[in-house]
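1. Just to be clear, the model below is a prediction. Sequence and coordinates:
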Amino acid sequence: MKDLSLHILDIAQNSISAKAGTIEVEITENVKSDLYSIVIKDDGIGMTPEFAAKATDPYVTSRTTRKVGLGLPLLKQNAERTGGSLKIESEVGIGTKVTTSFSLSNFDRPPLGDIAGTIVLLAAANLKTRLIYRHITEISTFIFDTNEINEMLDGMPLSDPGIIRFLKEMINENLHEIKIAG
Amino acid sequence: MGQVKSLADLRKIKDDLQGKMSLRENSNNPESLVQVRVAMATCGIASGAKQVMDFFIEEFEKRNIQAVVTQTGCMGYCFAEPTVEITLPGQAPVVYGYVDTRKADDIIEKYIKNGELVEGIIPVNYETIEKNKEER
């Protein structure tokens, strides 16, 4: 994966496969404590403790189309390379929470990349799933919630190209305001 | 730079767009539209599927083609990612492999506009694709 936004896109697919009704993505940056954390939380079907314990093993996957599952292992490797870690908390019937932490200043931390495009793409391709994205910096917090967007859109699909373009710009401008690290 | 865009601006954009568009009615009836499914599992994403998906969305708008672009999981052709499944109205789906933006352009111009097959089709059993979809 070239950047963190692609990891987020990838891990969020697990939530969609797990039939999540709501997916929350939260990025927290803190320069003082040199922390860059990404939390991806869903209310999907969850995993048994046995499966959750093996989920970062590349030779474990819930898929039947192939025998390897590299999404979580690749993210874990990237986090550990910066001195960070990846933690999975999951409960059957409740959902799953994946917490990844990086050293913010570490040279090996991948850049965030096109997070606006990723969030909007996820929202547009999964219209029935509520997607909440929070980005927290020391300056402020930006919150994007597809429920609020859909309320404004009043029946018009979020996947309309004009809306997609607007939402990407809106996210990018707001992230610029709260001075994200990139 | 002006003011930062907010949800209030979204309403204005929505009203503008609603005036011009007929797509909304059609999206309730996706069988009548071209359907594009981009494989977006780890293998696809790592190979550039997001860029390809963005390209399809943008180009359909520019070229005024009514289509639904969605994502799907890994169809098992990881070696050929990014893969894209195109379904023209009333036809069986066709899966293209190694799709970059250049190939996507070819697919739009030749296959989607004219029904002409483009090189790079992954020969697949239609039933297998359906089965994979169910498994997702």
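-> Arrived safely, thanks for sending.
2. quick one, strands of chain B?
-> Using DSSP state E, the strands found in chain B span residues B:34-39, B:67-72, B:84-87, B:94-96.
3. now for the helix ranked longest in chain A, which elements pack on it?
-> The residue-count maximum for a helix in chain A (DSSP state H) belongs to helix A:161-177. Packing contacts for helix A:161-177, counted by 3 or more C-beta pairs under 8 Å, 6 or more residues apart in numbering or on different chains; DSSP states H and E, involve helix A:115-125, strand A:141-145, helix B:7-20, helix B:49-62. Every residue, glycine included, has its C-beta placed from N, CA and C.
4. Recalculate using a threshold of 6 Å.
-> With contacts defined as 3 or more C-beta pairs under 6 Å, 6 or more residues apart in numbering or on different chains; DSSP states H and E, helix A:161-177 has these neighbours: helix A:115-125.
5. Which strands and helices lie in contact with the helix it packs on?
-> Counting contacts by 3+ C-beta pairs under 6 Å, 6+ apart, helix A:115-125 packs against helix A:4-17, strand A:130-136, helix A:161-177.
6. Name the residues of chain A found near chain B, please.
-> With C-beta under 6 Å from any C-beta of the partner chain as the criterion, chain A meets chain B at residues A:1, A:6, A:9-10, A:64-66, A:70-71, A:125, A:152-153, A:156-157, A:161-162, A:166, A:169-170, A:173-174, A:177.
7. Filter these down to the buried ones.
-> For the residues of chain A next to chain B, a burial check counting by 16 or more other C-beta atoms under 10 Å in any protein chain shown picks out A:1, A:6, A:9-10, A:65-66, A:70-71, A:125, A:152-153, A:156-157, A:161-162, A:166, A:169-170, A:173-174.
8. winner for burial among the strands of chain B?
-> Neighbour counts averaged per stretch over the strands of chain B are highest for strand B:34-39, at a mean of 23; criterion: mean count of other C-beta atoms under 10 Å in any protein chain shown.
9. where does chain A have its least confident helix or strand?
-> helix A:49-54 (a mean of 90; mean pLDDT, DSSP states H and E).
10. outside of that one, which residues touch it?
-> Helix A:49-54 is contacted from outside by A:60, A:88, A:90, using C-beta atoms under 6 Å, 6 or more residues apart in numbering or on different chains.
11. mind running it again at 8 Å?
-> By C-beta atoms under 8 Å, 6 or more residues apart in numbering or on different chains, the list of residues contacting helix A:49-54 from outside reads A:60, A:62, A:88-90, A:96.
12. How far does the next helix or strand after it sit from its chain's centre?
-> Moving toward the C-terminus from helix A:49-54, the next helix or strand (DSSP states H and E) is helix A:71-81. Centroid separation for helix A:71-81 versus its chain: 14 Å, with C-alpha atoms, centre = their mean, to the nearest Å.
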